[in-house]
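Pasting the sequence and the predicted coordinates here, then a few questions.
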Amino acid sequence: MLAATIRVTGDIDVAEECVQEAFARALIAWPKTGVPNRTGAWLTTVARRRAIDTLRRRTSQRRALMSIGVPEEPSPPSESELPAIADDRLRLIFTCCHPALSPETQVALALRLLCGLTTSEVARAFLVTESTMAARITRGKKKISTSHIPYRVPVASELPTRVDAVLSAVHLVFTTGHTAPSGADLMRRDLVERALDLARLLRALLPEDGEVAGLLALILLTDARRQTRTSADGAILLLSKQDRSKWDREAISEGRALVRAALRVRPAGRFALMAAIAALHAQAPSWEATDWREIIALYDVLLIAWPSPVVALNRAVAVGIADGPEAGLTALSALANEGQLLGYNYLASTRADFLRRLGRTDEARVAYDEALALCENEVEREFLVRRRRALDS
Amino acid sequence: MSEYLVLIYSDEKAWESSDPVSAEKMMSKMMDEHRVFGETNGAALRGGNALEPTSSATSLRRDATGKLVVTDGAFAETKEALGGYYLIEAGDLDEAIAVASQVPAPYGGVEVRPIRVFD
């Protein structure tokens, strides 16, 4: 809705105001007229008309032309008025992910403007304070408007270089939805769906791009496990405990086909490699029968393509399974001083798990406390609390 | 349409440290490149100049009491200094980047800044 309105206003702040006003009008109109069948379309139409009014008023002010008439009350949108929402979203993501913005700003804007996360949720996704994030978003919007960063999909010649930033943003949208940074639910389906839509759109736009295929595959293969990630009472089920017969076979086969396409492009990029790892999990008949050696080997290649402490942490988890918790701890110890992982609860919770399996109960307890102090997702907290409690029995 | 200033930054030391013959050659090559740039982008160009080196700069500022203080040199002592500029007109930042990417800047790069519009 915001994306469609920005197309009219060309200004993010004005568009945000128009969208808010559309919601306000709905609060007044809907109790009287009933809730329309296509609520999203209704709101978008009202917001865009409001935007057109605003623009008209500005133009007339500037040119001192005759006054415009009384603004019309919104009527239900006709089919022809329904905006090409998909195109607008794609335009908006290329604006948000313009290389003239810092990478941190790009993803922050994408989450805020495309996915409607609150500033505080975006801040948690980035492990920074809310005021830092608010300042970052404001600066980003200001730069878009003062520098006239265009609101359109780049021309073919610029496209490949612009795609990587977009993929990073979409991936972060997905990971934020896959495990919500805070709140009562493990997942935020809306964000996952939004990331999946965006990845599909990019795939349609760039069918030859290996990384686009890789990202779409990664999302499909990871999200294929959505039904099995929690038990009936909402508690976390680890990969080793999940009922693999309930995984989404259709998503897995689509994902695996995409991985094959992604790996045909050389050298393999980070999303293609991450998707290849996800594919190994998806096709393994059981936790025990998973090809951990191949997974570690893929992580090694991934660390070269994309040196990141988070990747190194994931590799350490795989080492801990393939070679035992002692080897896992050794792999983790190299990461203890990584500044990027300081606010990251998975480092502490992984260490806690290795210590627990080694019977080093006291140290495990301290590590669980550390992880709990950093974890704000209630479902994950519940899991950590249970694990910690089990140490005492 | 919006106006952008394309600021050309270059490493003056790298320029000075080359021997006179190759500096001469470099200079005439660069002048040719700027001529080509001007011919190619005439429609977007609104102005432009080369600047004398930062050693010729004079900085003016006021101290805490409001008294004018004149010092020699440029404001910022960085490796790359402002060496020239073009004023261009472009529809949006991508168009401005497309023009600015053609500006010859062998010892550095260019910075694109929107011209501020006061209401």
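Perfect, thanks for sending it. Numbering: from 1, shown residues only, chains lettered A, B, ... in the order given.

Run through chain B and note the low-pLDDT ranges.
B:119 (pLDDT under 70).

For the residue lying farthest from the centre of it, give me phi and psi.
In chain B, the greatest distance from the average C-alpha position (CA atoms, centre = their mean) is reached by B:Thr65, at 32.9 Å. Main-chain torsions, B:Thr65, degrees, to the nearest 10: phi -90, psi 0.

So what's the residue count around the residue nearest to A:Glu370 when sequence neighbours are not counted?
Distances taken as CB to CB, 6 or more residues apart in numbering or on different chains place A:Ala348 nearest to A:Glu370, at 4.0 Å, with adjacent residues excluded. Any C-beta I mention is one placed from the backbone N, CA and C, and that applies to glycine too. Neighbourhood size, A:Ala348 [other CB atoms under 10 Å in any protein chain shown]: 22.

Same check on A:Glu158?
Quick note: A:Glu158 (other CB under 10 Å) scores 15 neighbours.

So it is in contact with B:Asp94, correct?
Yes: proximity of A:Glu158 to B:Asp94 meets the contact threshold set by CB atoms under 8 Å, at 7.3 Å.

So for chain A, the centremost residue is which one?
A:Val173 (1.1 Å).

can you confirm that residue is in a helix?
Yes: the assignment for A:Val173 (DSSP: H, G, I helix; E, B strand; the rest coil) places it in a helix.

From chain B, how far out is it?
24 Å (CB to the nearest CB, to the nearest Å).

Distance-wise, check A:Phe161 relative to A:Val155.
Actually, residue A:161 is Thr rather than Phe. Distance check for A:Thr161 against A:Val155: by CB to CB, to the nearest Å, it reads 11 Å.

Give me the distance between the two termini of stretch A:175-189.
11 Å (CA to CA, to the nearest Å).

my bad, stretch B:38-55
Span of stretch B:38-55 from end to end, CA to CA: 27 Å.

in the stretch 151-300 of chain A, which spans are strands?
Using DSSP state E, counting those that start in this stretch, no strands are found in the stretch 151-300 of chain A.

hang on, the earlier thing: list the contacts of the residue farthest from the centre of chain B.
B:Thr65 makes no contacts at all, as judged by CB atoms under 8 Å, 6 or more residues apart in numbering or on different chains.

sorry, back to before: what's the local residue count around the residue lying closest to the residue nearest to the centre of chain A once chain neighbours are set aside?
Leaving aside its chain neighbours, A:Val173 sits nearest to A:Ala195 (4.3 Å; criterion: CB to CB, 6+ apart). Using other CB under 10 Å, A:Ala195 has 27 neighbouring residues.

tell me the contacts of A:Ala195?
A:170-171, A:173-174, A:177, A:219.

And the pLDDT for it?
On pLDDT, A:Ala195 comes in at 87.

separation between it and chain B?
Counting by CB to the nearest CB - A:Ala195 and chain B are separated by 26 Å.

What of A:Ala232?
52 Å.

Would you list the phi and psi of that residue?
Per degrees, to the nearest 10, the backbone of A:Ala232 is at phi -60, psi -30.

Kindly report the same for B:Asp72.
phi -90, psi 160.

ok, it touching B:Ser59?
Yes: shown here, B:Asp72 and B:Ser59 form a contact pair, counting by CB under 8 Å, at 7.5 Å.

More neighbours: which of the two?
B:Ser59 (13 against 10).

right, and the helix or strand after the helix-or-strand element of chain A with minimal mean pLDDT?
The weakest-scoring helix or strand in chain A, judged by mean pLDDT, DSSP states H and E, is helix A:39-63 (a mean of 71). Downstream of helix A:39-63, the next assigned helix or strand under DSSP states H and E is helix A:85-96.

List the contacts of the very next helix or strand once past that next one.
Going down the chain from helix A:85-96, the next helix or strand is helix A:103-109, by DSSP H and E. Residues outside helix A:103-109 that contact it (CB under 8 Å, 6+ apart): A:96-98, A:101, A:122, A:126, A:133, A:136-137, A:139-141, A:143-144, A:165, A:168-169, A:172.

wait, what's in contact with residue 51?
Unless you meant another one, I'm taking chain A. Counting by CB under 8 Å, 6+ apart, A:Ala51 has contacts A:5, A:8-9, A:14-15, A:18.

that answer is for a different chain, and I need it for chain B
B:82-85.

ok, those vs A:Asp209, which is closest?
B:Tyr85 (37.1 Å; CB to CB).

For chain B, what lies in contact range of chain A?
When proximity is defined as CB under 8 Å from any CB of the partner chain, chain B approaches chain A at B:2, B:91-97, B:112, B:114, B:116.

Can you tell me which of those are classed as buried?
Among these, the ones that count as buried by 16 or more other CB atoms under 10 Å in any protein chain shown are B:2, B:92-97, B:112, B:114.

Just the buried subset of the contacts of helix A:103-109, please.
So, by 16+ other CB under 10 Å, the buried ones in the contacts of helix A:103-109 are A:96-98, A:101, A:122, A:126, A:133, A:136-137, A:140-141, A:143-144, A:165, A:168-169, A:172.

if we can go back for a sec, not counting the stretch of helix or strand the residue nearest to A:Glu370 belongs to itself, show me its contacts.
Assigned by DSSP H and E, A:Ala348 belongs to helix A:345-357. Residues from elsewhere that reach helix A:345-357 (CB under 8 Å, 6+ apart): A:313, A:316-317, A:320, A:325-326, A:328-329, A:332, A:335, A:338, A:341, A:361, A:363-364, A:367-368, A:370-375, A:380, A:384, A:387-388, A:391.

Could you pull up phi and psi at the residue nearest to B:Phe75 when sequence neighbours are not counted?
Nearest in space to B:Phe75, with sequence neighbours left out and distances taken as CB to CB, 6+ apart, is B:Ser59 at 5.5 Å. Main-chain torsions, B:Ser59, degrees, to the nearest 10: phi -110, psi 140.

List the residues that contact B:Ser59.
B:Ser59 neighbours (CB under 8 Å, 6+ apart): B:70-75.

So among those, which ones count as buried?
The buried subset of these - by 16+ other CB under 10 Å - is B:Ala74.

Next, count neighbours for the closest residue to A:Glu376 other than its chain neighbours.
Nearest residue to A:Glu376, sequence neighbours excluded (CB to CB, 6+ apart): A:Ser182, at 3.9 Å. Counted with other CB under 10 Å, the neighbours of A:Ser182 add up to 15.

Thank you, goodbye.
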